[in-house]
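**Student:** What shape does this take:
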Amino acid sequence: MKKFILHNRNDEKRTAERTVAYRELLNDTQYEAVMFQNGPALVIAGAGTGKTRTLTYRVARLIEDDVPPESILLLTFTRRAAHEMLDRAASVLDGRCQRVQGGTFHHYCNHLLHRFAGKLGFPANFTLLDQADAMDTIQHMRSSFVRQTGLRRFPQKQTLLSLFSASVNRQIPLYDVLAKDQPAFLEHYEAIETLQKRYAAYKKDNALMDFDDLLLHTLHLLQNEDQVRTRVAAENRFVMVDEYQDTNRLQADLVKLFSSCHDNLMAVGDDAQSIYAFRGADSRNILQFPEEFPGCTLITLEENYRSVQPVLDLANKLLEQAHQKFEKKLFTRKKEGDLPGLVKASTERDQSRFVAQMILHLREQDIPLSDIAVLFRNGRDSYNIEWELNKSNIPFRKFGGQKFAEAAHIRDVMAHIRVIVNPDDQVAWNRLLLLLDGIGPKTAGELVSWLKRNRKSELGDTHLVSKKYKKQLDRLSMMLAELKTLRNNPHKAVEKAVLYYRPICENRFDDSPKRIRDLEAFVILAAAFNSLDKMLNEMTLDPIDSSAMETESSMKEEAPLTLSTIHSAKGLEWDTVFVIQCLDGIIPSGFSVDSNRDLDEELRLLYVACTRAKERLFITYPISRQSSFGDYFSNPSRFISSLPETILEPWMLIEEKRLLSDTRSISPA
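**Tutor:** As a prediction, this is how the structure comes out:
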């Protein structure tokens, strides 16, 4: 189909009538994006370059140029982000901005489906299942299905929902999702597929939709009903999508349909900040946007308003290593600043000591704790630093990652330690007995009562349970007997308990590999104590178990330091940032090294971490680490190992005693 652009001769008149001084308020590339008229456009907005400002002013400019607000569709990933942008646009222009169609993909699709539900065979008052409802529904169906088939080691409800969701959002077959994400369950592929079909039929029969259905049914509606697609797309004169690098395949297909009438689509995002592949985000959506939308105009925002130039120099150098990317070079008018530091520590404990002591040093220089962040790849990577911060009386809060001492697998192992320290701990006895196959709450309760009456007897001596459980009870008794001899060696005791618990963990949890890595981190933490009693006391009094944990401080009202996974830190900024555990095998993950695409995502993760810093940035790593197999040497991340010292300045940690000794050995001339 050929197209002819009708030029608007009133453009000059409109420019004169605009009330907002766009030219004075925006830099050159922001202004170009805000003034962009018709057709597809991709705005690559580097970290800290004013992406939200650009979108806000474009909404205002379109409305000021007489575009009806209702014909503008602004898609974001949170409703809060949409409200914030429209509120800001209203403050720039006026209340008309609040009439823009704004919100998340799910919100907009829900609106469309209620308008056209009949086309899909659904009533207009269909019910929406939240995630908890969806899991309960799947569990109900799973239970009867497993009873009927007699299948063992079948995925739990959370895993099933995750598999179904990944297949929908990535638009790939269920078998491929299983092969990539849960290969251990490939043998049950046909059974899982059958359950997926039953779940879909159950929802249809009962007029139910889950969150994924909102997107999937909207896609089917627009693909199969031309009149509906034409009507919806005609209503959307201008479509704008924020954080386009975070869209999945299904969302990208929807965007194309939403904008298919006028072709006025502006996608805004940063390929260098695409870090959510584990949630289904597909970086190819933004990288291939110019090919997907012929005639696309590419606009790149490169002036950064957050960081000093040395931080940006490091970020630019990191991006040079990417295999696929849009070319950009971040710059700022804040030219002066300290070089980012590369801190090599002997051990993880020394790494934590450095971070805690440097934070205290910065606080003495009047940098608030609330303007400092410690970032890491996984929640478990911060356990060591959390202990050190507690000891140093530094208040902090933690975001992202799994809560440590509240996690089921940690509590399971702790129960075995607790009965050694306190044999009368009935709660702990009950927990560890319920881990044994075939023993339910009634039998566990009877065993706990029997143990209390027969303190010197072994579990295997009881006749309360069938002989078929005697082997398990004997094994448990032997392991507990070993733990008693290790009461003053917590490292070995926890190591033994984890070794015993590992097969139980593998049998109970679909995500057991991740939990086993947590357990290995627990073994390492235990080495810091000289008795099981002290370890339990400290873990109870100063638990690593809160997503918003704060310790007491000498400054009672002091806002806390932030600990966060890098994924949870995206979009935030601090004066000073520490990126810890920057090791090969962590950043990048050991699972990514065989794929350039996966390596690029790992590189982007480090880029996101570094660009959170405004003034100071420290990247740290330990030379040696501990595991359940013993100590081993580690290597710094391949992304930083070859960077020049003019970009990343090496720091050396020296023990105070050694420093004093070296000083005394120097005699005066």
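**Student:** number of nearby residues for residue 26?
**Tutor:** 19 (other CB atoms under 10 Å). Quick note: C-beta positions are derived from backbone N, CA and C, even for glycine.
**Student:** Spit out the contact partners of residue 340.
**Tutor:** 310-311, 314, 610, 613, 616-619, 647-649 (CB atoms under 8 Å, 6 or more residues apart in numbering).
**Student:** ok, now how distant is it from residue 316?
**Tutor:** 12 Å (CB to CB, to the nearest Å).
**Student:** Could you count how many residues lie near residue 634?
**Tutor:** 15.
**Student:** was I right about it contacting residue 625?
**Tutor:** Yes: using CB atoms under 8 Å, residue 634 is in contact with residue 625, at 5.0 Å.
**Student:** Identify the contacts common to the two.
**Tutor:** residue 583.
**Student:** hang on, the earlier thing: for ChimeraX, what selects the buried ones among the contacts of residue 340?
**Tutor:** Entered in ChimeraX, the line below selects the buried ones among the contacts of residue 340, by 16 or more other CB atoms under 10 Å:
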select :310,311,314,610,613,616,617,618,619,647,648
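**Student:** just the contacts of residue 340 now: which is nearest residue 266?
**Tutor:** Nearest to residue 266 out of the contacts of residue 340 is residue 610 (CB to CB; 27.8 Å).
**Student:** got a list of what that closest one touches?
**Tutor:** Residue 610 neighbours (CB under 8 Å, 6+ apart): 311, 314-315, 318, 340, 577, 579, 617, 619.
**Student:** where's it relative to residue 392, distance?
**Tutor:** On the measure of CB to CB, residue 610 and residue 392 end up 25 Å apart.
**Student:** sorry, back to before: quick check: the farthest pair among the contacts of residue 340?
**Tutor:** Spatial extent of those (CB to CB) is set by the pair 616 and 647 at 15.0 Å.
**Student:** hang on, the earlier thing: with the contacts of residue 340 in mind, which one is nearest to residue 109?
**Tutor:** Of those, the one sitting nearest to residue 109 (CB to CB) turns out to be residue 610, at 35.5 Å.
**Student:** ok, for that closest one, nearest residue in space, not its chain neighbours?
**Tutor:** residue 315 (5.3 Å; CB to CB, 6 or more residues apart in numbering).
**Student:** what mean pLDDT does the strand or helix carrying that neighbour have?
**Tutor:** Using DSSP states H and E, residue 315 sits within helix 309-319. For helix 309-319, mean pLDDT is 97.
**Student:** What of stretch 236-247?
**Tutor:** What stretch 236-247 shows for mean pLDDT is 95.
**Student:** Could you shift the numbering so residue one becomes 797, and keep it that way?
**Tutor:** From this message on, residue numbering opens at 797, which makes the last subject stretch 1032-1043.
**Student:** Distance from it to the middle of the chain?
**Tutor:** On the basis of CA atoms, centre = their mean, to the nearest Å, stretch 1032-1043 is displaced by 22 Å from the centre of the chain it belongs to.
**Student:** Same check on stretch 1177-1194?
**Tutor:** Distance, centroid of stretch 1177-1194 to centroid of chain: 20 Å (CA atoms, centre = their mean).
**Student:** same question, stretch 827-839
**Tutor:** 31 Å.
**Student:** Just the C-alphas of it, formatted as CSV.
**Tutor:** Taking C-alpha atoms only, stretch 827-839 is exported to CSV below (Å, rounded to 0.1, in the frame of the first residue of the first chain):
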residue,chain,number,x,y,z
TYR,A,827,13.3,18.3,21.6
GLU,A,828,13.5,16.2,18.5
ALA,A,829,11.6,13.4,20.1
VAL,A,830,8.9,15.7,21.6
MET,A,831,8.3,17.4,18.3
PHE,A,832,8.3,14.2,16.2
GLN,A,833,5.2,14.2,14.1
ASN,A,834,4.0,11.1,12.2
GLY,A,835,5.2,7.5,11.6
PRO,A,836,7.2,5.0,13.7
ALA,A,837,10.0,6.3,15.9
LEU,A,838,12.4,4.5,18.3
VAL,A,839,13.8,6.7,21.1
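**Student:** buried ones in it?
**Tutor:** 827-832, 835-839.
**Student:** likewise stretch 980-987?
**Tutor:** Within stretch 980-987, the residues scored as buried using 16+ other CB under 10 Å are 981, 984, 987.
**Student:** per-residue confidence at the first one?
**Tutor:** Predicted confidence (pLDDT) at residue 981: the value is 89.
**Student:** what about the closest residue to it other than its chain neighbours, which SS state?
**Tutor:** Distance criterion CB to CB, 6+ apart; nearest residue to residue 981, sequence neighbours excluded, is residue 951 at 5.4 Å. Here residue 951 is recorded as coil under DSSP: H, G, I helix; E, B strand; the rest coil.
**Student:** Wasn't residue 1102 part of a strand?
**Tutor:** No: counting by three-state DSSP, residue 1102 is not part of a strand but coil.
**Student:** circling back to that earlier point, can you verify my assumption that the residue nearest to residue 1406 contacts residue 1403?
**Tutor:** Yes: with contact defined as CB under 8 Å, residue 1111 and residue 1403 form a contacting pair (5.7 Å).
**Student:** Now for those two: what residues contact both?
**Tutor:** Common neighbours of residue 1111 and residue 1403 (CB under 8 Å, 6+ apart) are residue 843.
**Student:** Which strand runs longest in the chain?
**Tutor:** Counting residues, the longest strand found in the chain (DSSP state E) is strand 1409-1418.
**Student:** got the angle between that one and helix 1105-1115?
**Tutor:** Interaxial angle, strand 1409-1418 versus helix 1105-1115 (axes from the mean of the first three to the mean of the last three CA atoms, to 10 degrees): 60 degrees.
**Student:** can you tell me the average pLDDT over strand 1409-1418?
**Tutor:** For strand 1409-1418, mean pLDDT rounds to 96.
**Student:** Can I get that strand in CSV, CA atoms only?
**Tutor:** Coordinates of each C-alpha in strand 1409-1418 appear next as CSV, following Å, rounded to 0.1, in the frame of the first residue of the first chain:
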residue,chain,number,x,y,z
ALA,A,1409,25.8,5.9,40.9
LYS,A,1410,25.9,9.7,40.8
GLU,A,1411,29.2,10.5,42.4
ARG,A,1412,31.1,7.5,43.6
LEU,A,1413,31.2,3.9,42.4
PHE,A,1414,33.1,0.9,43.9
ILE,A,1415,33.2,-2.5,42.3
THR,A,1416,34.4,-5.3,44.7
TYR,A,1417,35.2,-8.9,44.5
PRO,A,1418,37.0,-11.5,46.8
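**Student:** the strands in the stretch 847-996 of the chain, which residues?
**Tutor:** In the stretch 847-996 of the chain, the strands defined using DSSP state E, counting those that start in this stretch lie at 868-872, 897-900, 923-924.
**Student:** between the ones you listed, which gets nearest to residue 1143?
**Tutor:** Short answer: strand 868-872, nearest of these by CB to CB, at 43.6 Å.
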